[in-house]
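**Q** My questions concern the predicted model and sequence given below.
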Amino acid sequence: MQAWSAQPGNSRVPQPSLMLREQPACDPVPAPELAGLVNSAAQAQNLNPFLIQEVARQESGFHPCAFSSQGAMGLMQLMPVTQIELGVSDPWDARQSIEAGSRLLRQLPGPLSRRRVPGFRRI
């Protein structure tokens, strides 16, 4: 498994040993900051802010440096290919993660979106 290496000046990039830990080595995003980010993304994507908040809570426990054994990163646990597709340059940045994750949620088929997404079948 290839791990992301730390870059000079970016203390939020996890070290390979983080992948073996239960809890990420960073503090959760403070509630007031999180609320602002979530509300902004919810308004931009016309989503319920509680949906975005719950995805972040479930996926990362609000830890911006969360890293899964499968390679998902950040608050919204986006995979590297998804990060590229959504234009995320820093997966550890809470704002980028929430904005990209919200755009991804908007693309999902079903009650979240009125559009049909190719490759997905409505149930």
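**A** Received, thanks.
**Q** which stretches of the chain aren't confidently modelled?
**A** Under the criterion pLDDT under 70, the flagged ranges of the chain are 1-24, 111-123.
**Q** can you map out the helices along it?
**A** Assigned by DSSP state H, the chain shows helices spanning 31-45, 49-60, 80-85, 94-107.
**Q** Identify whichever of those lies nearest to residue 72.
**A** For these, the distance to residue 72 is smallest for helix 49-60, at 7.6 Å, taking Cβ to Cβ. For glycine as for every other residue, the C-beta is placed from the backbone atoms N, C-alpha and C.
**Q** Please tell me I have it right and residue 42 contacts residue 101.
**A** No - the criterion here is Cβ atoms under 8 Å, and residue 42 misses it with residue 101 at 11.2 Å.
**Q** the more surrounded of those two?
**A** The neighbour comparison of residue 42 against residue 101 (other Cβ atoms under 10 Å) goes to residue 101, with 25 against 19.
**Q** how far away is that one from residue 31?
**A** 18 Å (Cβ to Cβ, to the nearest Å).
**Q** do the same with residue 97
**A** 16 Å.
**Q** ok, those two, which is more surrounded?
**A** Legend: neighbour count by other Cβ under 10 Å for residue 97 and residue 31, higher for residue 97 (29 against 9).
**Q** Report the spatially nearest residue to residue 70, omitting neighbours in sequence.
**A** In space, and not counting its chain neighbours, residue 70 is closest to residue 79: 7.5 Å by Cβ to Cβ, 6 or more residues apart in numbering.
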